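A.B. asks: compute the structure for the input listed below.
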Amino acid sequence: MPKFLVQRWHGMHIVWALVLIFMLTVALAWYQWLLGFLGLALGGGIAVYGILAERAFRKDLNDYILTLSHRIKSVGNEVISHLPFGIIIFNEDKEIQWHNAFVATVIGRTSIVGEPLAAHFPILQQSPKDKEPNVEVTISGRVYEIILRANERVLYIRDITDRWTIKKRYEEEKLALGIVMMDNLEEVAQGMDEQQRALMLSKVTGEINEWALKYGLFLRRLSSDRYMIITNHIGLKNLEQSRFELLDDVREITIEQKLPMTLSIGFASGTDNVIELGHNVQGSLDIALGRGGDQAVVKMGQRQSFYGGKSNAVEKRTRVRARVISHALRDLMKESVNVIIMGHKMPDMDSVGAAIGVLKAAQLYGKEAFIVLEGVNPAIQKMMDMLKDDEKLTKRFISPEQAMGLMNKRSLAVVVDTHRATMVAEPKLLQGTDRIVIVDHHRRSEEFIDEAVLVYMEPYASSTCELVTELLQYIHERVVLDVREATALLAGITVDTKSFAFRTGSRTFEAASFLRRNGADSVLIQRMLKEDLEEYIRKAEIIRHAETYGECIAIAVADNGKQVPQLLIAQAADTLLNMTGIKASFVVGLRPDGLVGVSARSLGQINVQIVMERLGGGGHFTNAATQIQGNVMEVSAKLKQVLQDLENEEGLFE
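C.D. replies: As a prediction, the model looks like this:
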């Protein structure tokens, strides 16, 4: 029996009680010896009885503890064997040494002692860094959670099938909202009479209703060109698996029109907040429209996916939006103390030309305006040589450091030829003001400058210079450009359209006509576009290594280790596209900054923007690019894998 227990019940207080009895007996014997003798005998009897009682107590207590230990051990073994979860003990070699009955039930065998742990749980072969502490496995249709305690060499198995089923059902039944919009209804219906318009709308509406019925979607018409869709997560997943076939179906049934009808679809799910869900679905639709329409954008939590986008953006026939944007930009300029204009990193002629156009607009209202430019690259060297003769214009080009000193809360920041914060010349400038304007002609990507107060993005436009030229015609009653300003704007249009061969519409020529009337020198532009003989030879060397992928796609990889300017990579891609039988071209080369550049071009049968987005870049339907870490062979292999994946998913070509 434990010592503390003996001392608690049979300690010194008993001894002191007996001593007190003895002392009282001696005192009694002093007065009456007979009574003292009787008291002494009685005290001795009590002492003997106490000793015998203590011995009996110790014996009974020991017997009880032994019986209780046996009972606990027996019950413990029984409980462990029949616990509602599994326990496996294994040795250093990960061989099973013992398990309870629950494990035998899970595995379907009486005993697996002595067998390797990995034979029954292969997922545990992964290193601890590659897996979560708790993993889920499915065995015989049931879902189990495995909890590994490597230090104790113990494995616990819990049946979580019911909880997993409820969780799965909860995720599948989460609300998903969508908006379907006819993104070019006005352009298609222009020139139609009421009967033709009604017939076309009837066809498209019927197709949308059949699609909603097929996938079990709740469809509600919001306006003549817009529908709201309510479904759940599993319904949205089915739509993604079908890759939104409605886009192709509607385009095909209206193919006889001069302009086929196209749809833009925005979907959102993955949040329990209905207000946030509403903002997300509208944001998805805005991205689909910003990328040129005829596609679907799905935002699932933090994941954003793109589907469709097989046709080019349709040129808008009216300039109403250009007039509205120009007036809004004019008001912002009037309210600002100065204007800071910047394009993207490694600017091209379109970026610089557009910046000069915005600079002119600011000067028309007497505002101090500056263009942020960090260094001159080969793509704009000849343009900058042309501009250096104009001292007033040259002084307006400043470095990012100088711009930081001029930027304040009342400054207006105008971003041209890009809409991605990481691509601008100096991202920190955007944090210095709340007045940000974006003018861009690229298809909208997932990354976007959300703080912008005015956004003018038109993917149908040939170039940002075209958009800026249209704004200039409405921003002031009398706009007079000098020769260099007009030539810079026209040079941007010429470069991005490959001398008016690609992505040109009627508004492109109208903008060029306005610039020519203002003195734009086309001969000077041709001089700027001339190639050096050495660069031409280097470009020919890159093209010499081109190979054909899938019969009509050309892929050229520059010599590994040799640095190639981005401009040369782009020019090689342009040249390859002119070859007979080539519908798309990709050129991969090592840039001077250590990144691997990829330039992509197409004639319109393949959306190279989607290809480049898979590699972390972006651009236009027919003109895109990206920059990646690594070497040219690795990037080339990634490019071919992306092309193969797209071919397997929905086909590369229309």
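
A.B. asks: CA atoms only for stretch 110-121, dumped as CSV, please.
C.D. replies: Provided in CSV are the C-alpha atoms of stretch 110-121 (Å, rounded to 0.1, in the frame of the first residue of the first chain):
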residue,chain,number,x,y,z
THR,A,110,-8.3,-11.3,-39.6
SER,A,111,-4.6,-10.2,-39.1
ILE,A,112,-2.0,-8.2,-41.0
VAL,A,113,0.7,-8.4,-38.4
GLY,A,114,4.2,-8.7,-39.8
GLU,A,115,3.2,-7.1,-43.2
PRO,A,116,4.6,-3.8,-44.4
LEU,A,117,2.6,-0.7,-43.6
ALA,A,118,3.0,0.7,-47.1
ALA,A,119,1.4,-2.4,-48.6
HIS,A,120,-2.0,-1.4,-47.2
PHE,A,121,-1.5,2.4,-47.1
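
A.B. asks: what's opposite N338 in the beta bridge?
C.D. replies: E368, S411 (DSSP bridges).

A.B. asks: OK, contacts around it?
C.D. replies: Listed by C-beta atoms under 8 Å, 6 or more residues apart in numbering, the contact set of N338 reads 367-370, 406, 411-412. C-beta coordinates here come from the backbone N, C-alpha and C atoms, glycine included.

A.B. asks: quick one, which of those residues are buried?
C.D. replies: Buried subset of the contacts of N338 (neighbour count, 16 or more other C-beta atoms under 10 Å): 367, 369-370, 406, 411-412.

A.B. asks: sorry, back to before: how about the contacts of N338 in a markdown table, adding pLDDT and distance to M349?
C.D. replies: Output for these, formatted as a markdown table (pLDDT from 0 to 100; distance: C-beta to C-beta, whole Å):
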| residue | pLDDT | distance to M349 |
| --- | --- | --- |
| K367 | 92 | 25 |
| E368 | 93 | 25 |
| A369 | 94 | 20 |
| F370 | 96 | 19 |
| L406 | 92 | 25 |
| S411 | 93 | 26 |
| L412 | 94 | 24 |
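
A.B. asks: need the distance between the two termini of stretch 183-203.
C.D. replies: 16 Å (C-alpha to C-alpha, to the nearest Å).

A.B. asks: list the buried ones in it?
C.D. replies: Neighbour-count burial for stretch 183-203 flags 183-185, 187-189, 197, 200-201 (criterion: 16+ other C-beta under 10 Å).

A.B. asks: kindly report the same for stretch 608-620.
C.D. replies: 608-615, 617-620.

A.B. asks: with stretch 461-476 instead?
C.D. replies: 461-472, 474-475.

A.B. asks: follow-up on the earlier one: reformat the contacts of N338 as TSV; add distance to Y456.
C.D. replies: Putting the contacts of N338 into TSV (distance: C-beta to C-beta, whole Å) gives the following:
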residue	distance to Y456
K367	19
E368	22
A369	18
F370	21
L406	24
S411	19
L412	14
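
A.B. asks: among the buried residues of stretch 608-620, which ones are in helices?
C.D. replies: Filtering those for membership in helices, criterion DSSP state H, returns 608-614.

A.B. asks: check what pLDDT the closest residue to E547 other than its chain neighbours gets.
C.D. replies: Distances taken as C-beta to C-beta, 6 or more residues apart in numbering place I555 nearest to E547, at 5.8 Å, with adjacent residues excluded. Among the per-residue scores, I555 holds a pLDDT of 94.

A.B. asks: ok, I555 touching A637?
C.D. replies: No: in this structure, I555 is not within contact of A637 by C-beta atoms under 8 Å, at 10.7 Å.

A.B. asks: more neighbours: which of those two?
C.D. replies: Set side by side, I555 and A637 show more neighbours around I555, with 23 against 13, by other C-beta atoms under 10 Å.

A.B. asks: show me the shaky parts of the stretch 1-150 of the chain.
C.D. replies: For the stretch 1-150 of the chain, the stretches with pLDDT under 70 are 1-15, 18, 28, 64-66, 68-82, 125-133.
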